[in-house]
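Peer 1: Here is a sequence together with a model predicted from it:
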Amino acid sequence: MMRTKKNYIRLSALAALLLLTLWAVGLSPTISAHEGHKRKHAPASARKLKSPVKTTQENIAQGRELYNKHCASCHGEDGQAKTPVAEMMKVKPTNLTDKAMKGITEGEIYWVITNGIKKSGMPALKQKASDQQRWQMTLYVKHLMGEHSHAEGKH
């Protein structure tokens, strides 16, 4: 009986050490906001929202500037969410360039930028950016996702 208890304690200590090691080297299982919420954070009506802001190089450039100001600390300037801030977060920011993002509509992106995602810690920008600015950020996120690469010229 005593030997079994010692073996259990040793096994438990070994398992704890293994988990600690995996966590320390960054191999712990993590979940991104997108994976964890599967779009449920945006209502179905958000899918149908369409941008009133034209897809121009100027609007995408303005969106990039706003994105870098409000979003890049977590999502990274390249959208891949590989930042020091992201590393410290329990729920990792979504990699906006990941193929899992394909199919996300501009309305859903706009809704998330506007309302945030409470469970992940993503702030709502409704009070920090105008409606037009939030749509410009949406255009830039779509650009990071590989869309709008050949935006129309200035209108």
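Peer 2: Here it is on my side, so go on.

Peer 1: what about the helices in this structure?
Peer 2: Counting by DSSP state H, one finds helices in the chain at the ranges 2-24, 33-37, 57-70, 72-75, 84-88, 106-115, 131-144.

Peer 1: which one of those has the lowest average pLDDT?
Peer 2: Note on the helices of the chain: lowest mean pLDDT is at helix 33-37, with a mean of 44.

Peer 1: Can you report how many residues neighbour residue 45?
Peer 2: 9 (other C-beta atoms under 10 Å). C-betas here are computed from N, CA, C, even on glycine.

Peer 1: separation between it and residue 127?
Peer 2: Distance of residue 45 to residue 127, computed by C-beta to C-beta, to the nearest Å: 21 Å.

Peer 1: repeat for residue 59
Peer 2: 22 Å.

Peer 1: same check, this time on residue 85
Peer 2: Distance of residue 85 to residue 127, computed by C-beta to C-beta: 21 Å.

Peer 1: can you check residue 109 too?
Peer 2: Look at residue 109 and residue 127: by C-beta to C-beta, they are 18 Å apart.

Peer 1: Those two - which one has more neighbours?
Peer 2: Neighbours per residue (other C-beta under 10 Å) separate residue 109 from residue 127, with residue 109 holding more: 25 against 7.

Peer 1: neighbours of the closest residue to the more buried one other than its chain neighbours, just the number please.
Peer 2: Among residues not flanking residue 109 along the chain, residue 138 sits closest, at 4.7 Å (C-beta to C-beta, 6 or more residues apart in numbering). Counted with other C-beta under 10 Å, the neighbours of residue 138 add up to 26.

Peer 1: Fine, thanks again, bye for now.
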